[in-house]
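A.B. asks: Sequence first, then the predicted structure, then my questions.
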Amino acid sequence: QVQLVESGGGLVQAGGSLRLSCAASGSAFSINDMGWYRQAPGVQRELVAVINPGGIINYADSVKGRFTISRDNAKDTVYLQMNSLKPEDTAVYYCHARALSPATGWHTFSDYWGQGTQVTVSS
């Protein structure tokens with residue numbers, strides 16, 4: 001199994017910045033994609049950004065040019081640098097990872113989620 005632990009959320013004024021971190025841990029695993037999703041009250045969870053082990057990145061249109069995702073493969077950690085934050089970025093941000101593990105015989109990817117971290121942007 002894989003555990004994802006997030007940190008870095010908080011309250012910031014519009015135009016400010018925050019950096020989220022998410023570290024994966026477990027007894028045995030091989031992580032493929034890592035990314036961030038967010039969910040605001042009454043809204044479906046949505047993709048923010050995802051990065052694969054080779055560094056290929058996909059961003060939601062709403063965050064392009066403001067957010068930067070990166071990862072440290074040696075540390076199984078993914079980061080999200082959020083600049084020029086807007087009130088509409090307010091949400092719970094969830095770390096996501098897709099990984100192989102002994103639980104599935106190293107053949108099938110499983111999806112893992114962090115507990116979520118609140119990001120609140122005041123106007």
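C.D. replies: Perfect, thanks for sending it.
A.B. asks: Which residues does Thr120 form beta bridges with?
C.D. replies: Taking DSSP bridges as the rule, Thr120 bridges to Leu11.
A.B. asks: That one: what's it in contact with?
C.D. replies: For Thr120, the contacting residues are 10-12, 90, by CB atoms under 8 Å, 6 or more residues apart in numbering. Placement of C-beta: from N, CA and C, glycine included.
A.B. asks: what residues are up against Ile51?
C.D. replies: Going by CB under 8 Å, 6+ apart, Ile51 touches 33-35, 57-58, 69-71, 78.
A.B. asks: any idea which of those residues is the one closest to Val119?
C.D. replies: Ile69 (14.6 Å; CB to CB).
A.B. asks: give me the element that closest one is part of.
C.D. replies: Assigned by DSSP states H and E, Ile69 belongs to strand 67-72.
A.B. asks: so where's this structure shaky on pLDDT?
C.D. replies: The chain contains no residues with pLDDT under 70.
A.B. asks: Give the residue farthest from the middle of it.
C.D. replies: Residue farthest from the centre of the chain, counting by CA atoms, centre = their mean, is Gly105 at 25.7 Å.
A.B. asks: how close does that residue sit to Val50?
C.D. replies: 25 Å (CB to CB, to the nearest Å).
A.B. asks: re the thing from before, dihedrals phi and psi, the residue farthest from the centre of the chain?
C.D. replies: Gly105 adopts backbone torsions of phi 70, psi 20, taken as degrees, to the nearest 10.
A.B. asks: Identify each buried residue in stretch 103-119, please.
C.D. replies: In terms of neighbour count (16 or more other CB atoms under 10 Å), stretch 103-119 has its buried residues at 112, 114, 116-117, 119.
A.B. asks: residue nearest the centroid of this protein?
C.D. replies: Per CA atoms, centre = their mean, the C-alpha nearest to the average position across the chain is that of Trp36, at 2.4 Å.
A.B. asks: re the thing from before, just the CA atoms of the strand holding Ile69, as CSV, please.
C.D. replies: The C-alpha trace of strand 67-72 is given here as CSV (Å, rounded to 0.1, in the frame of the first residue of the first chain):
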residue,chain,number,x,y,z
PHE,A,67,0.8,26.9,-11.1
THR,A,68,3.9,24.7,-11.5
ILE,A,69,4.0,21.1,-10.7
SER,A,70,7.3,19.2,-10.2
ARG,A,71,8.5,16.0,-8.7
ASP,A,72,11.5,14.4,-7.1
